[in-house]
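Undergrad: Got a sequence here, can you build the structure:
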Amino acid sequence: VFVATWNVGGKSPHSGLDLDSLFHVHSEFDIYVLGFQEIVPLNAGNVLVLGDNEPAAKWLSMINQSLNKSSSSSSSGGKVASIVNSQMMMKYGLVASKQMVGIFLTVWMRKELIQHVTHLRISCVSRGIMGCLGNKGCIAVSLQLYKTSFCFICSHLASGEREGDERRRNSDVIEILKNTSFPRICRTSFTRVPHRITKHDRVIWLGDLNYRIALSYSETKSLLDKNAWDTLLNKDQLKIERDAGRVFKGWHEGKIFFAPTYKYSYNSDAYAGDTTKEKKNKRRTPAWCDRILWHGDGIRQLSYVRGESRFSDHRPVCAVFVVNVEVCEGRTGTRRQ
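TA: This next block holds a predicted model:
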């Protein structure tokens, strides 16, 4: 399972954006879980009034082209034949896609796996202005693959780097866990369909969690310049809050071996505020805002890295997991993993 989260800073994708390297498409994973934040600018028009679906459609189109590139480029013949051939040769199909203001979550699978997906459901929780608008919050997808239940959560939590802002993020997580509920499906003796996040067999949470580093800008920059990752990570708010048992109790996160993913100057490898041209009010203390966590047994993380695209003021974060799935064999109904 390949998982990626990326806050794209309100920018719509362009044709020159390289998704192939970001999604490691040549590795051909079984499942892709791709979450985005700020796919539209978080202005009053988008948050309060109108929903802009055009950026989501662009992202879907580009993701499809990236995941199915070899099949679409190899088809030949007339236009109709080309469309039919490319659809037949597609390796990946879209399983789920949902947008809530700037949050966007999409799940893709190998086509031969899709027929084994059941009980697909989606739930959204708003945690924005007044705790009820969708500029912050989460989208959660629940599904069953063979006999194993999965839940994927893409979230954008409360921002801010003032002391105490981490409590607002903790509150967002707690409310998301409490209020995310999937529609109940008629129960039979053969089905076990969870309707809460942590009741699923395998759970992966991704997103801009917005947790910061509990140090000043100058202290953080000094440690960054020395590549003192362990010292910085000991001041990471998410680590502090998890270690204290205040949030994500029972969840897991892989070891971080990459630089903070926020906040960069656009189209630059410099953190915002590093250059003399930029105003001081643009400066943010660098932080590991973008994270991927998991819950449940039968999940093993193989990698946890960041991408280096300069498209946004955030760097994307990606993880690869090996996940156990329980299947039934033949007429006997024997279960195996």
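
Undergrad: Tell me where the chain has helices.
TA: Taking DSSP state H, the helices of the chain run over residues 19-22, 44, 54-67, 69-74, 79-89, 111-114, 165-179, 217-225, 229-233, 237-243.

Undergrad: Quick one: closest of these to Arg127.
TA: helix 165-179 (4.7 Å; C-beta to C-beta). For every residue, glycine as well, the C-beta is placed using N, CA and C.

Undergrad: Can I get the closest one in CSV, CA atoms only?
TA: Extracted C-alpha coordinates of helix 165-179, given in CSV (Å, rounded to 0.1, in the frame of the first residue of the first chain):
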residue,chain,number,x,y,z
ASP,A,165,-2.3,25.6,19.7
GLU,A,166,-1.4,21.9,19.9
ARG,A,167,-4.4,21.5,22.2
ARG,A,168,-6.7,22.6,19.4
ARG,A,169,-5.1,19.9,17.2
ASN,A,170,-5.6,17.3,19.9
SER,A,171,-9.2,18.4,20.1
ASP,A,172,-9.6,18.0,16.4
VAL,A,173,-8.2,14.4,16.5
ILE,A,174,-10.5,13.5,19.5
GLU,A,175,-13.6,14.9,17.8
ILE,A,176,-12.8,13.2,14.5
LEU,A,177,-12.4,9.8,16.2
LYS,A,178,-15.6,10.4,18.1
ASN,A,179,-17.8,11.8,15.3
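
Undergrad: For the helices of the chain, could you give me a markdown table that also reports distance to Phe311, mean pLDDT and mean neighbour count?
TA: Below are these laid out as a markdown table (distance: least, C-beta to C-beta, whole Å; pLDDT from 0 to 100; neighbours: other C-beta atoms under 10 Å):
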| stretch | distance to Phe311 | mean pLDDT | mean neighbour count |
| --- | --- | --- | --- |
| helix 19-22 | 9 | 91 | 16 |
| helix 44 | 25 | 57 | 9 |
| helix 54-67 | 12 | 95 | 17 |
| helix 69-74 | 19 | 57 | 14 |
| helix 79-89 | 27 | 57 | 12 |
| helix 111-114 | 29 | 98 | 14 |
| helix 165-179 | 25 | 97 | 18 |
| helix 217-225 | 22 | 95 | 15 |
| helix 229-233 | 25 | 95 | 16 |
| helix 237-243 | 24 | 98 | 19 |
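
Undergrad: any chance of those in JSON lines, plus distance to Gly273?
TA: Listed next are the helices of the chain as JSON lines, based on distance: least, C-beta to C-beta, whole Å:
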{"stretch": "helix 19-22", "distance to Gly273": "26"}
{"stretch": "helix 44", "distance to Gly273": "27"}
{"stretch": "helix 54-67", "distance to Gly273": "27"}
{"stretch": "helix 69-74", "distance to Gly273": "38"}
{"stretch": "helix 79-89", "distance to Gly273": "46"}
{"stretch": "helix 111-114", "distance to Gly273": "45"}
{"stretch": "helix 165-179", "distance to Gly273": "19"}
{"stretch": "helix 217-225", "distance to Gly273": "7"}
{"stretch": "helix 229-233", "distance to Gly273": "17"}
{"stretch": "helix 237-243", "distance to Gly273": "20"}
